[in-house]
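Below is the structure, and that's it, no one-letter string:
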Ligand SMILES: [Zn+2]
């Protein structure tokens, strides 16, 4: 799945749980669930089976990551719970970052301690064909919409409204 839905889902889990010890493992686990959901991404469109990222794939991947990060920074800005929101977003995308940043990726895929996780991450991908784009795009739009709803929902303890209250002792 693309980076923006992964990061928004992780951020939403941060917002909803408010507890890093709960939010970060949940966001990390959400990554695998979302990759298992039918989706269309730049690898299916421009990738080479078994090869590294192609130029259009890398360009889309970087743009996707920057757009998602900017969106989350904007949503979390001035919120009292921004730390757990940003942490959730990071844990939601971290495995794709580790896999795709060149020196780390090769190490992650080959070192015995992590190779199994990398293999599992690749095996559970449910990429649809470009002809099934409506399904492959629709699932991601739905994830983004639900996450945005959760992040933009009013109320909750993290909302920064007016002067910040003194912490309860
Ligand atoms: Zn992934």
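Okay, I see it. Here the structure is a predicted model, which is why all the values come from computation and not from measurement.

can you pull the buried residues of stretch 47-55?
Neighbour counts over stretch 47-55 (16 or more other Cβ atoms under 10 Å) mark 47, 53 as buried. All C-beta spots, glycine's among them, are computed from the backbone N, C-alpha and C.

switch to numbering from 467
All set: I'll call the first residue 467, so the last point we hit is now stretch 513-521.

can you give me how far that stretch is from the chain middle?
21 Å (Cα atoms, centre = their mean, to the nearest Å).

Please apply the same query to stretch 569-579.
Here the centre of stretch 569-579 is set off from its chain's centre by 20 Å, with Cα atoms, centre = their mean.

Quick check: end-to-end length of stretch 513-528?
End-to-end span of stretch 513-528 (Cα to Cα, to the nearest Å): 15 Å.

who's in contact with that stretch?
469, 508-509, 511-512, 566 (Cβ atoms under 8 Å, 6 or more residues apart in numbering).

6 Å instead?
508-509, 512 (Cβ atoms under 6 Å, 6 or more residues apart in numbering).

Same check on stretch 604-619?
Applying Cβ under 6 Å, 6+ apart, the contact partners of stretch 604-619 are 471, 474-475, 478, 481-482, 503-505, 541.

what does stretch 539-558 give?
If you take Cβ under 6 Å, 6+ apart as the criterion, stretch 539-558 is touched by 472-473, 475-477, 479-481, 484, 486, 489-490, 493-494, 496-497, 538, 617, 624, 626.

Mind checking which residue lies nearest the centre of this protein?
residue 472 (2.1 Å; Cα atoms, centre = their mean).

If you average the pLDDT over the one helix or strand residue 580 maps to, what comes out?
Secondary-structure element containing residue 580, defined by DSSP states H and E: helix 578-589. For helix 578-589, mean pLDDT rounds to 95.

and that helix, what other elements does it pack with?
With contacts defined as 3 or more Cβ pairs under 6 Å, 6 or more residues apart in numbering; DSSP states H and E, helix 578-589 has these neighbours: helix 568-576.

what's the spacing between the helix it packs on and its chain's center?
20 Å.

which residues are in contact with that helix?
564-565, 580, 584.

what two of these have the greatest distance between them?
Largest separation among those by Cβ to Cβ: 565 and 580, giving 9.8 Å.
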